[in-house]
Structures are given as C-alpha cells and as structure tokens.
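A.B. asks: got a structure for you, letters missing:
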Ligand SMILES: Nc1ncnc2c1ncn2[C@@H]1O[C@H](COP(=O)(O)OP(=O)(O)OP(=O)(O)O)[C@@H](O)[C@H]1O
C-alpha cells in the first residue's frame, strides 16, 4: 500500500504541488492525469525520492521515504519522463549498473536482468551502445531498468511513449502482470491507455488533486440506449427508476434513469416490456461517459458526477 499525505512542493514562490493526499492498494493501477504543468512529474519525482518535498509524507508498506529512503528506493521502479541513460554504455552494461544501484545481490542479478530483457524484447540489442538505439528501443531500456527486481511500487511516466503498436500492447500486458503483485502509478496523456490499464484515476489541476475516482464510476452515466421498433414511450416511463424516455432517430430510444445503480435492473425490465409486447429489441446498453469528455469537463469545472447529458449526442 502506498500512502501519500499532504505532499507539497514549490519552485521559488510557485506552488507546483499543493497538499496532495491519496493511497493506492497493492494490485491497483492508478492513472495520474492532468494538463501540461499540472504537477504530475513533480509528484512522481517526490514519491520516488528524486525530489525533496517541502511538506508531506510518503510511505510504502509502512516504509517511510523520509527515514528509510534507500530501503524504499530498492523496492521502487521508476521510469522518468527523460531517462538519464548513459549513451556510451551498452544495454547490458546499463542494466547491470541499474541492478547494482538497486542493491541487487549477485545471485539474483543475472536472472533479473534476463527477465527484464525478455519482458521488453531487448535481446537483439544487448551489445548495442544506447546512443545508437531508436527512441522506442531507448524507451524499452528505461522500462527494463524500471522493472528490475520486481518492484513493489512502479512509477511510469508515459511508458508507451515512442513504442510501436505491437510493443505498446506488449507493454500494457507487462504492466498488468507486474500490478498483480505491486502498486502502479502511471502518468499518461493517452486516454486509451487509461481505459486499457487503470482501475482508478487521480486528476491534478494546478497542483491540486481535484478528482480521485474509480474509472468505472467516472464513466457511469444516467443514460441507457435502446435500439428497438417498440414505440410506447409512456409505457416504458412507468418502469421504476426511469425518469424520461426520448426518441433519437428511427428505432432508437434514449432513456434517462434516476440512479446509476439501477441500470442493470432497468435494462432487464425494459427488455421484458419490449419482448412481451411482441416488438423487436435490437440492442440495449447503458451509456458510458467518454473519458476525454470527463477530463475536459473536470478541467473546465463543468463536470457533474450525478448528471450528464453528453450521451444525448452520442445516442443521436
Ligand atoms: N525545476 C523547476 N523550476 C521551476 N519550475 C518548475 C520546475 N519543474 C517544474 N516546474 C513547474 O512546475 C509545474 C509542474 O510541472 P510538472 O513537470 O510537475 O508538470 P506535469 O504535470 O508533469 O506536466 P507535463 O504534462 O507537461 O509533463 C509547471 O508549471 C512547471 O513549469
């Protein structure tokens, strides 16, 4: 479990991270989101001990960053935005050096380096100097050093940056695998990545944490789309939990419900009503809020967790 409490950091008089607190459980993958300059990198640097906080505490499974820095860092894998790799070193030399920095014992080091190389598909480049690698391969080297030693906390700043589609898929599978036994913080601007990987998102705005919410809850909406040739809207409005039924073009109904928790039962009641009336039901599904829209709404203070109407457009 990662515990971050009241983390604050200023650069001169500018407050880049302002009193941020959250916890992350083992097995969770957290998406750390926010516009450019929101404070994501500053938080990640503080959690990993690369940058000192002005105030606040960080602990991982009871190990305090302040008093047991080295011990915590040995359980940490960090892929920074700009990886400080040494251009003249070969991939193998660099990983050996990174393993030493993590305090890895000789008997596990070779096996761990092999595992990281295999996981990031780097074996063909082992003897290549890092400066000769393409951007995507350099990124793989960064990820390989981050996963050395099976870290309990993995912090990844834009992990798929520069990777080709095949490697991106591979990387996502790898992150999921690592998360089974670790806590993962992932910063990205790619909403698809958040959808594919994250259990929860933290959204920062001007250094403050403005949202800490499970992805599923964030995407919930109060709308159900029904594709059917059933026309009796008034009859559907009698179903408990339905607030309003609107037509949206030929054979599509757009239904607003009163509580997201009722969605599953309401879908079942709608289906029953339509089928029993002898009409045809082509499709029925609760609408999901698009994460990009939610993100933009939060940043422009328009986000409303209880009501959302953007689904009307989607359904039309
Ligand atoms: N060394 C520094 N000196 C002064 N200001 C800094 C320094 N590092 C970061 N900042 C400022 O702190 C704020 C937060 O920066 P940070 O790099 O944490 O943002 P970010 O959310 O990671 O942005 P991005 O998405 O662009 O990577 C920004 O306004 C940035 O200009």
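C.D. replies: Arrived safely, thanks for sending. Because the structure is predicted, anything quoted here is derived from the model rather than measured.

A.B. asks: Tell me where the stretch 1-150 of the chain has strands.
C.D. replies: 2-11, 14-24, 29-33, 55-60, 63-64, 76-79 (DSSP state E, counting those that start in this stretch).

A.B. asks: Contacts only, for residue 292.
C.D. replies: Neighbouring residues of residue 292 by CB atoms under 8 Å, 6 or more residues apart in numbering: residue 191. Placement of C-beta: from N, CA and C, glycine included.

A.B. asks: and the angle from whichever strand or helix holds it to strand 29-33?
C.D. replies: If you go by DSSP states H and E, residue 292 is part of helix 291-299. Interaxial angle of helix 291-299 relative to strand 29-33 (axes from the mean of the first three to the mean of the last three CA atoms, to 10 degrees): 50 degrees.

A.B. asks: Of the strands of the stretch 1-150 of the chain, give the one that comes closest to residue 263.
C.D. replies: Evaluated with CB to CB, the strands of the stretch 1-150 of the chain place strand 29-33 nearest to residue 263, the distance being 23.8 Å.

A.B. asks: mind checking how far residue 290 is from the ligand?
C.D. replies: Distance, residue 290 to the ligand, by CB to the nearest ligand atom, to the nearest Å: 21 Å.

A.B. asks: That residue: neighbouring residues, count only.
C.D. replies: 16 (other CB atoms under 10 Å).

A.B. asks: if we can go back for a sec, any chance of CSV for the strands of the stretch 1-150 of the chain, columns distance to the ligand and mean neighbour count?
C.D. replies: Shown next, in CSV, are the strands of the stretch 1-150 of the chain (distance: least, CB to the nearest ligand atom, whole Å; neighbours: other CB atoms under 10 Å):
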stretch, distance to the ligand, mean neighbour count
strand 2-11, 3, 17
strand 14-24, 3, 18
strand 29-33, 8, 25
strand 55-60, 15, 18
strand 63-64, 23, 16
strand 76-79, 13, 23
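
A.B. asks: How many residues are close by the nearest residue to residue 108 once chain neighbours are set aside?
C.D. replies: Spatial nearest neighbour of residue 108, excluding adjacent residues (CB to CB, 6 or more residues apart in numbering): residue 149 at 7.9 Å. Neighbourhood size, residue 149 [other CB under 10 Å]: 22.

A.B. asks: Show me the shaky parts of the stretch 1-150 of the chain.
C.D. replies: Applying pLDDT under 70 to the stretch 1-150 of the chain flags the ranges 84.

A.B. asks: Quick check: residues of it near the ligand?
C.D. replies: Within the stretch 1-150 of the chain, the positions near the ligand by CB under 6 Å from any ligand atom are 11, 16, 34, 36-42.

A.B. asks: Go again with 5 Å.
C.D. replies: With the criterion set to CB under 5 Å from any ligand atom, the stretch 1-150 of the chain comes near the ligand through 11, 16, 36-42.

A.B. asks: Among these, name the buried ones.
C.D. replies: 16, 38-42 (16 or more other CB atoms under 10 Å).

A.B. asks: returning to what we had before: residue contacts, the residue nearest to residue 108?
C.D. replies: Contact partners of residue 149, counting by CB under 8 Å, 6+ apart, are 74-75, 77, 99, 102, 104, 108, 112.

A.B. asks: hmm, back to that, and which of the buried ones among the residues of the stretch 1-150 of the chain next to the ligand is nearest to residue 137?
C.D. replies: Once CB to CB is applied, the member of those that ends up nearest residue 137 is residue 41, at 22.8 Å.

A.B. asks: Quick check: that closest one touching residue 157?
C.D. replies: Yes. At 6.3 Å, residue 41 counts as touching residue 157 under the criterion of CB atoms under 8 Å.

A.B. asks: Overlap in contacts, these two.
C.D. replies: 80-81, 187.

A.B. asks: Make a ChimeraX selection of the buried ones in those residues.
C.D. replies: To isolate the buried members of those in ChimeraX, using 16+ other CB under 10 Å:
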select :80,187
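
A.B. asks: now the helices: where do they sit in the chain?
C.D. replies: Secondary structure of the chain by DSSP state H: the helices cover 40-47, 69-74, 91-101, 106-119, 135-147, 165-179, 191-197, 215-219, 233-236, 263-276, 291-299, 310-315.

A.B. asks: Just name the most buried of those.
C.D. replies: helix 40-47 (a mean of 23; mean count of other CB atoms under 10 Å).

A.B. asks: Burial check on the closest residue to residue 33 other than its chain neighbours, number of neighbours?
C.D. replies: Leaving aside its sequence neighbours, residue 33 sits nearest to residue 203 (CB to CB, 6+ apart; 4.9 Å). If you count neighbours by other CB under 10 Å, residue 203 ends up with 23.
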